[in-house]
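Engineer: sequence and predicted structure are below.
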Amino acid sequence: MSNGVRIGIVGAGIMGRGNALSLSGLPEVEVTAVTSRSADSAGRLADEIEGRGAPRPAIHPDLEAVLADKSVDAVVLTTPDHLHGEMMVRAAEAGKHILVEKPLTTSVAEADAAVKAIRENGVVAMCLFNHRWVPAYAQAYDLLADLGDGAVAYARKDDTIFVPTEMLSWADRTTCAWFLSSHDIDLVSWLLRDQVRRVYATARWGKLRSLGIDTPDAIQIQAEYSRGAVATFESAWIYPNTFPTTVDSYVSVVTDNGVVQLDRQKESVVVARPDGYSYPRNMLQRVMHGIPAGAYADAIAHWVTCCRTGRQPLITIESSRNVTAVLEAAHTSIETRQPVDVSMLAELASDSGNA
């Protein structure tokens with residue numbers, strides 16, 4: 001792949017467009033194919049890619065057609081959460097490298113099947129937990145190395161109600177924890193250099209159900225790490241749309257010898273207009289001098305480099321599988337109202353897969 005990587009985009013919604021625009025800023029990349037449940041959406045994305053000066057990608061009817069396209073070396077999967085697992089298996093078996101939006105999957109069994117297919121077929125795969133490329137978070141990782149053992153962490157990622165009611169047509173097929181806390185579980189586990197061993201979680205239903213969307217309004221996960229640290233992961237998506245950002249994000253890590261706090265509610269810019277007050281987001285995605293930039297683009301560029309060189313990504317597919325295991329354990333805890341051992345749940349999934 002010394003001459004570049006040819007990409008097929010699967011899903012032409014908000015995340016598909018974000019990925020495509022980030023890829024379009026990389027000289028060694030060409031988006032050669034697009035597919036989506038909506039042919040109109042796929043067409044609009046193809047038009048936009050062409051409008052940025054790149055060749056217009058082919059529009060395919062489905063994933064199978066993309067995988068059969070000899071001009072596609074790798075696929076970017078930006079479909080709803082619950083569709084990721086099977087698509088990764090099919091892509092790996094077709095010999096295509098994979099970049100998949102978070103979460104990796106919404107079940108341990110599907111995650112294990114995907115990891116197995118990826119490793120057996122020797123493709124490069126990464127889940128797009130782009131927060132590891134936010135400069136403050138990467139700096140925190142280095143700072144925490146000298147601050148002793150982790151003691152307690154707190155991560156909040158709360159969205160406005162716009163997200164489950166208008167942005168996502170499939171909010172009832174996921175939860176705020178799958179959609180939001182997956183980022184934080186990956187991030188905090190990375191910062192602590194440890195894995196969650198046990199969880200207890202609770203959820204609240206009400207506001208969204210009253211609007212006909214059967215998913216929790218909020219979830220809190222209490223997590224115990226293998227070396228003794230404890231963490232709280234909070235997610236909610238019923239903030240009023242008047243909130244100055246779509247997402248309210250905050251992380252704190254306390255160690256034996258210090259504390260690191262990371263508040264991303266304001267990202268350097270404050271804008272006041274006659275109709276409201278806002279904090280424009282710029283750490284994850286921005287366009288700088290016409291070129292896509294930010295942690296999102298940096299994470300994608302890292303994956304492209306790994307595809308070209310065969311190196312393993314910073315985010316291993318196994319670590320993303322572990323995030324899925326934590327979240328499945330949390331949702332089991334919500335149902336049973338009991339603490340759940342993460343490794344026990346993984347063992348049960350493995351036994352089920354061998355049955």
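Structural biologist: Arrived safely.
Engineer: residue ranges for the strands of the stretch 251-355 of the chain, please.
Structural biologist: 258-263, 271-273, 276-278, 286-288, 291-293, 340-341 (DSSP state E, counting those that start in this stretch).
Engineer: for the third one, packing partners?
Structural biologist: Same thing as strand 276-278. In terms of contacts (3 or more CB pairs under 8 Å, 6 or more residues apart in numbering; DSSP states H and E), strand 276-278 is not packed against any helix or strand. In short, each C-beta sits where N, CA and C put it, glycine included.
Engineer: over to the fifth one?
Structural biologist: On a contact count with 3+ CB pairs under 8 Å, 6+ apart, strand 291-293 meets helix 14-24, strand 286-288.
Engineer: is it true that residue 106 touches residue 170?
Structural biologist: No. With contact defined as CB atoms under 8 Å, residue 106 does not reach residue 170; the gap is 11.4 Å.
Engineer: looking at those two, which is more packed in?
Structural biologist: More neighbours surround residue 106 than the other of residue 106 and residue 170, with 22 against 13 (other CB atoms under 10 Å).
Engineer: contact partners for that one?
Structural biologist: By CB atoms under 8 Å, 6 or more residues apart in numbering, the contact set of residue 106 is 81, 82, 84, 85, 174, 178, 324, 327, 328.
Engineer: could you rerun that using 10 Å?
Structural biologist: Residues near residue 106 by CB atoms under 10 Å, 6 or more residues apart in numbering: 80-85, 173-175, 178, 182, 324, 327-328, 331.
Engineer: list only buried entries from these.
Structural biologist: 80-85, 174-175, 178, 182, 324, 327-328, 331 (16 or more other CB atoms under 10 Å).
Engineer: follow-up on the earlier one: in TSV, list the strands of the stretch 251-355 of the chain along with mean neighbour count.
Structural biologist: As requested, these are exported to TSV (neighbours: other CB atoms under 10 Å):
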stretch	mean neighbour count
strand 258-263	14
strand 271-273	9
strand 276-278	12
strand 286-288	14
strand 291-293	17
strand 340-341	16
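Engineer: among those strands, which comes closest to residue 46?
Structural biologist: Closest approach to residue 46 among the strands of the stretch 251-355 of the chain (CB to CB): strand 291-293, 17.3 Å.
Engineer: which strands border that closest one, and is each parallel or antiparallel?
Structural biologist: Paired neighbours of strand 291-293 in the sheet (DSSP bridges): strand 286-288 (antiparallel).
Engineer: returning to that earlier point: which one of the strands of the stretch 251-355 of the chain has the lowest average pLDDT?
Structural biologist: Within those, confidence is poorest for strand 291-293, with a mean of 80 (mean pLDDT).
Engineer: quick one on the thing from earlier: now go through the buried ones among the contacts of residue 106 and say which are in helices.
Structural biologist: Among these, the members falling in helices (DSSP state H) are 84, 85, 182, 324, 327, 328, 331.
Engineer: nearest to residue 31, of those?
Structural biologist: Nearest member of these to residue 31, counting by CB to CB, is residue 84, at 19.8 Å.
Engineer: contacting residues for the closest one?
Structural biologist: So residue 84 contacts 77-78, 98, 100-106, 110-111, 114, 127, 324 (CB under 10 Å, 6+ apart).
Engineer: now do residue 184
Structural biologist: Shown in contact with residue 184 (CB under 10 Å, 6+ apart): 129, 131, 153-157, 177, 221, 231-235, 249-251, 323.
Engineer: now intersect the residues you listed with the helices, please.
Structural biologist: Per DSSP H, helices hold the following members of the contacts of residue 184: residue 323.
Engineer: can you tell me how far residue 333 is from residue 339?
Structural biologist: 6 Å (CB to CB, to the nearest Å).
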